[in-house]
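Asker: Build me a model:
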Amino acid sequence: MAQKEMNLSPELIAEAVKRVMASMVDSKVQPAAPVSGGGSARPDARKDYPLALKHPDRVRSASGKKLDEVTLDKVLAGQIGFDDVKISPETLEFQAGIAESVGRPRLAANMRRAAEMTRIPDERILEMYNALRPYRSTRQELLDMAAELETKYGARVCSALVREAAEIYEKRGRLKR
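Answerer: Numbering: from 1, shown residues only. Have a look, this model is predicted:
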């Protein structure tokens, strides 16, 4: 698959990195010691959040790069690709555990759905997004999409969501005719 070329100015990249880093660091929170035992303990927001500050070793990209390996200099030198700035499913799962520890089950479910989606190619996600819009798909097309999500990508949570959408669209008359 060919990668699309993007012409981004150094100023635009610097501003984007600055905003991302600012959103990840809370100046009021002091770093804590890393979780012992390789992180097998259940996440707890009081000691683990914000993850990028308290456990930067646990924040990994889809390509496996650590947070401190993604620098503006490497971006400008062309040494950082899109997979190097995409979040890993393991990081999202840990964030889901943090959300659960503070009683935010819906946020945790969203994180888990996002973790599943990291295994789906971007182009396919966009196709699925468009297919999920009202009047774009038949019931069977949505059920086929749900089966694909479950069997091809192991995305059971996303699959259930698409099946639910098929039922709701059918009840509300939002399916393609």
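Asker: For the rest of this, base every contact and every neighbour count on C-alpha atoms.
Answerer: Will do.
Asker: and the lengthiest helix in the chain, what other elements does it pack with?
Answerer: Using DSSP state H, we find that the single longest helix of the chain is helix 156-172. When contacts are defined as 3 or more CA pairs under 8 Å, 6 or more residues apart in numbering; DSSP states H and E, helix 156-172 packs onto helix 105-117, helix 139-153.
Asker: Include mean pLDDT when you put those into a markdown table, please.
Answerer: Below are these laid out as a markdown table (pLDDT from 0 to 100):
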| stretch | mean pLDDT |
| --- | --- |
| helix 105-117 | 94 |
| helix 139-153 | 97 |
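Asker: Tell me which of those helices sits nearest to Lys66.
Answerer: When the helices and strands packed on helix 156-172 are compared by CA to CA, helix 105-117 sits nearest Lys66, at 17.3 Å.
Asker: now the angle from that closest one to helix 139-153?
Answerer: Calculated by axes from the mean of the first three to the mean of the last three CA atoms, to 10 degrees, helix 105-117 forms an angle of 70 degrees with helix 139-153.
Asker: centroid residue for the chain?
Answerer: Ala114 (4.1 Å; CA atoms, centre = their mean).
Asker: Surely it touches Thr91?
Answerer: No: using CA atoms under 8 Å, Ala114 is not in contact with Thr91; the gap is 10.6 Å.
Asker: What ranges in this structure fall below the confidence cut-off?
Answerer: 1-41 (pLDDT under 70).
Asker: can you pull the contacts of the closest residue to Arg177 other than its chain neighbours?
Answerer: Using CA to CA, 6 or more residues apart in numbering and skipping residues adjacent in sequence, the residue nearest Arg177 is Thr138, 6.8 Å away. By CA atoms under 8 Å, 6 or more residues apart in numbering, the contact set of Thr138 is Leu175, Lys176, Arg177.
Asker: Of these, keep whichever come out buried.
Answerer: Leu175 (16 or more other CA atoms under 10 Å).
Asker: Domain ranges for this protein, per the record?
Answerer: 9-118, 119-177 (automatic domain parsing).
Asker: hang on, the earlier thing: could you check the angle the longest helix of the chain makes with helix 139-153?
Answerer: Using the same axes, to 10 degrees: helix 156-172 against helix 139-153 is 180 degrees.
Asker: Not counting helix 156-172 itself, show me its contacts.
Answerer: So helix 156-172 is contacted by 112-113, 116-117, 132, 134, 139, 142-143, 145-150, 175 (CA under 8 Å, 6+ apart).
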